[in-house]
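**Q** Got a predicted structure here, sequence first:
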Amino acid sequence: MRKLKILIACAGILLVTGCSKNVHTGKSTAGNSVNNVINSQIAESSEAQSIKAFSTDLVKSKNSYDSADYDLTTMSGEMVYATVYQMMTNPDKYVGKVFKMDGTFYSSYYNSTDKYYHYCIIQDATACCAQGMEFVWDDDSHVYPDDYPAENSNIVVTGVFETYREDGDKNLYCRLSDASLELDN
């Protein structure tokens, strides 16, 4: 029993340290303020990097955004993870902001609400800490599965960040609303 506890503790330490190391330099970024790192990366991204051009094979979106307040497609894997983490832990700061992100498409049906929910699954640089961001495509008039891409398709989603609660549920949820959806080839 004691060996099992030690093994579980070691596995937990490995998981935590795997996500806190900078892959490129091997230096820990745990001492930096997440907000400082995010703001620094956003400034560098907007000045130093050009925006990726994506395929628009899936051109059924009604919404088109000229720019995004936060373009996760131009950020490093570490910064994407940090930004999405901040969105989840401090959502009020981001409500009403336009986000652009790329990842893989995933959908899930929940019996309690009798609805399908659609997600953009985002991997961090080490591919150990995936996070899913729910999105509502356009005005939610698209029919699943007919109008949606295949599961695990690479997608680019741009939409307005919002929070909401389901009827009878005390939990606060985050999503991108009025989102545009494109396939990323």
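**A** Noted; the coordinates are in hand.

**Q** counting contacts, what elements does the longest strand along the chain pack onto?
**A** In terms of residue count, the longest strand belonging to the chain (DSSP state E) is strand 98-110. Packed against strand 98-110 by the contact rule (3 or more CB pairs under 8 Å, 6 or more residues apart in numbering; DSSP states H and E) you find strand 70-71, strand 115-122, strand 131-137, strand 154-164. Every residue, glycine included, has its C-beta placed from N, CA and C.

**Q** mind listing what it pairs with, with the direction of each?
**A** strand 70-71 (parallel), strand 115-122 (antiparallel), strand 154-164 (antiparallel) (DSSP bridges).

**Q** Quick one: these as CSV, columns for mean pLDDT, distance to Val98 and mean neighbour count too.
**A** Converted to CSV, these look like this (pLDDT from 0 to 100; distance: least, CB to CB, whole Å; neighbours: other CB atoms under 10 Å):
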stretch, mean pLDDT, distance to Val98, mean neighbour count
strand 70-71, 96, 7, 21
strand 115-122, 95, 14, 18
strand 154-164, 97, 6, 20
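
**Q** Those: which one's closest to Tyr81?
**A** Nearest of the strands paired with strand 98-110 to Tyr81, taken as CB to CB: strand 115-122 at 7.8 Å.

**Q** tell me the angle of the closest one relative to strand 131-137?
**A** If you take axes from the mean of the first three to the mean of the last three CA atoms, to 10 degrees, strand 115-122 sits at 130 degrees to strand 131-137.

**Q** Is it correct that Ala127 falls within a helix?
**A** No - looking at Ala127 with DSSP: H, G, I helix; E, B strand; the rest coil, it is coil, so not inside a helix.

**Q** Count residues in the vicinity of it, would you?
**A** Neighbour count for Ala127, taken as other CB atoms under 10 Å: 10.

**Q** cool, and Thr89?
**A** Neighbours of Thr89 (other CB under 10 Å): 9.

**Q** any idea how far it is from Pro149?
**A** 29 Å (CB to CB, to the nearest Å).

**Q** Over to Val95?
**A** 27 Å.

**Q** In the longest strand of the chain, which residues are buried?
**A** 98-106 (16 or more other CB atoms under 10 Å).

**Q** on that earlier part again, which among the helices and strands packed on strand 98-110 is found nearest to Tyr173?
**A** strand 154-164 (5.6 Å).

**Q** What pairs with the helix or strand following the closest one, parallel or antiparallel?
**A** Beyond strand 154-164 on the C-terminal side, the first helix or strand identified by DSSP states H and E is strand 173-183. According to DSSP bridges, strand 173-183 forms sheet pairs with strand 131-137 (parallel), strand 154-164 (antiparallel).

**Q** Average pLDDT for the longest strand of the chain, rounded please.
**A** For strand 98-110, the mean per-residue pLDDT is 96.
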